[in-house]
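>>> Pasting the sequence and the predicted model now:
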Amino acid sequence: GASTVSILYVLKEFIQIYKQNHDYNLTKLSPPEIGVEGLVGNTPMVLIKSLSKITGNNVYAKLEYLNPGGSSKDRVALAIIKDKELSHELNEGDCIYEGTSGSTGISIGTVANSLGYKSEIHLPDDTSPDKLILFETLGVNLIKVKPASIVDPNQYVNSAKNAALTNNGIFADQFENEVNWDVHYKTTGPEIYQQLKGKVDYFIAGCGTGGTIAGVSKYLKEKLHDKFISILADPQGSGFYNRIKYGVMYTNEEREGSRRRHQVDTIIEGIGLNRITKNFSIGESYIDDSIKVYDDEAIKMARFLNVNDGFFIGSSSAINAVAVLKLCKENPTIKNKNIVLAFCDSGTRHLNKFWKEALKVSKDITIESIYS
Ligand code: PMP
């Protein structure tokens, strides 16, 4: 009776811990405590019925917004913190510093709270109010700086780095820290591969730091070689499109403006840059093509997928959904393929900026009015 139950209980616990250790061994992380951080990763994948039907393919969304801190950046935050723990740079109560326009900071705040660290986030003062409220609820020390170019010492990444130096703290450094792509190589990539039983034909993602597209593309190319195609969806004003297409990092400024935030007000947050980060450079040789997407297309697509499928997505997910539509319209021979889109964060984080615009779009929006 009681002893059988307790043996079963121990067995169940063991399997649970083994499973998590096993998953995290992939990332060289120490075993997670059973706290919020134990929920990071292993996100579901779901069919986007409307886009599958319209394109004649199986279009899947990898639901990164179901991570406990609401985005794929939970993986990066946890991996960076665990890496610093392993190298004994981080001790109980220490503060982690990061420069981020949102998601990464929210993930660092979430994981830091769960593991007993403090966090200080530097961000541009035009970041969406929804994210600012999230930071407040997490008790993160928030430093708002004027939007500036990366060469300016007061730019948010530089400002976070300087604060870490001055206070002898840890600078997470998501753009240059290679733990970023590595965690996607060791978790996100293998998860996608397993979820589709090895049949992954396309992966489409945007590029902020480059960690997601680098890690996932490298893993899937190594597994599937030329059978797998990686596509970078790039928002207006970002230089990655030209970099992938023509090998040069420049924007079509006359048509698109520049992504530098102090020059152009952009609706899409979290992706698009005019510089090559370490994490992007790792991924570059594994990326096959790039598709340019404009703000208004993403806004309409977000509304379309909400009304037709029930997805409530953030702006960078919408970019990827427009890219799959363009890919399949321009290449009608692409049929019956498995195409995976990164759905990085949800609409709740974009209520006052992106979704304010998306709500102006009629609920009767047709796919042809997005791209035809
Ligand atoms: N979507 C959102 C909402 C993001 O915040 C980011 C990262 N800043 C990305 C996509 C891109 O991910 P990555 O940094 O791995 O390129």
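Good, I have the coordinates.

>>> Contacts (any at all) between the ligand and stretch 89-99?
No. Judged by CB under 6 Å from any ligand atom, stretch 89-99 stays clear of the ligand, getting no closer than 11.1 Å. Where C-beta positions appear, they are placed from N, C-alpha and C, glycine not excepted.

>>> Other residues contacting that stretch?
Stretch 89-99 has contacts (CB atoms under 8 Å, 6 or more residues apart in numbering) with 80-81, 84, 104-105, 108, 112, 116-123, 141, 155-161, 163-164, 167, 169-174.

>>> from these, which would you call buried?
80-81, 84, 104-105, 108, 112, 117-123, 155-161, 163-164, 169-174 (16 or more other CB atoms under 10 Å).

>>> These in helices, which ones?
80-81, 84, 104-105, 108, 112, 156-161, 163-164 (DSSP state H).

>>> Give me the distance between Val36 and Ser230.
As for Val36, its distance to Ser230 is 31 Å (criterion: CB to CB, to the nearest Å).

>>> The two: which is more packed in?
Using other CB atoms under 10 Å as the criterion, Val36 and Ser230 rank with Ser230 on top: 23 against 17.

>>> Quick check: residues of the stretch 101-250 of the chain near the ligand?
Gly102, Ser103, Gly206, Cys207, Gly208, Thr209, Gly210, Gly211, Thr212, Ile213.

>>> Kindly report the same for the stretch 251-372 of the chain.
Contacts of the stretch 251-372 of the chain with the ligand, taken as CB under 6 Å from any ligand atom, map to Gly270, Ile271, Gly314, Ser316, Cys344, Asp345.

>>> list the contacts for the third one?
Listed by CB under 8 Å, 6+ apart, the contact partners of Gly314 are Tyr65, Glu269, Gly270, Cys344, Asp345, Ser346, Gly347, Arg349, His350, Phe354.

>>> Tabulate those residues in CSV, adding columns for distance to Phe135 and pLDDT.
Below are those laid out as CSV (distance: CB to CB, whole Å; pLDDT from 0 to 100):
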residue, distance to Phe135, pLDDT
Tyr65, 17, 97
Glu269, 14, 82
Gly270, 15, 85
Cys344, 18, 97
Asp345, 14, 95
Ser346, 17, 96
Gly347, 18, 96
Arg349, 11, 90
His350, 15, 90
Phe354, 18, 92
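
>>> Next, format those as JSON lines and append neighbour count.
Formatted as JSON lines, those follow (neighbours: other CB atoms under 10 Å):
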{"residue": "Tyr65", "neighbour count": "24"}
{"residue": "Glu269", "neighbour count": "25"}
{"residue": "Gly270", "neighbour count": "27"}
{"residue": "Cys344", "neighbour count": "29"}
{"residue": "Asp345", "neighbour count": "28"}
{"residue": "Ser346", "neighbour count": "18"}
{"residue": "Gly347", "neighbour count": "21"}
{"residue": "Arg349", "neighbour count": "27"}
{"residue": "His350", "neighbour count": "29"}
{"residue": "Phe354", "neighbour count": "25"}
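
>>> Could you tell me which of those are located in helices?
Going by DSSP H, the helices hold Phe354 from these.

>>> The contacts of Gly314 in strands, which ones?
Using DSSP state E, the subset of the contacts of Gly314 located in strands is empty.
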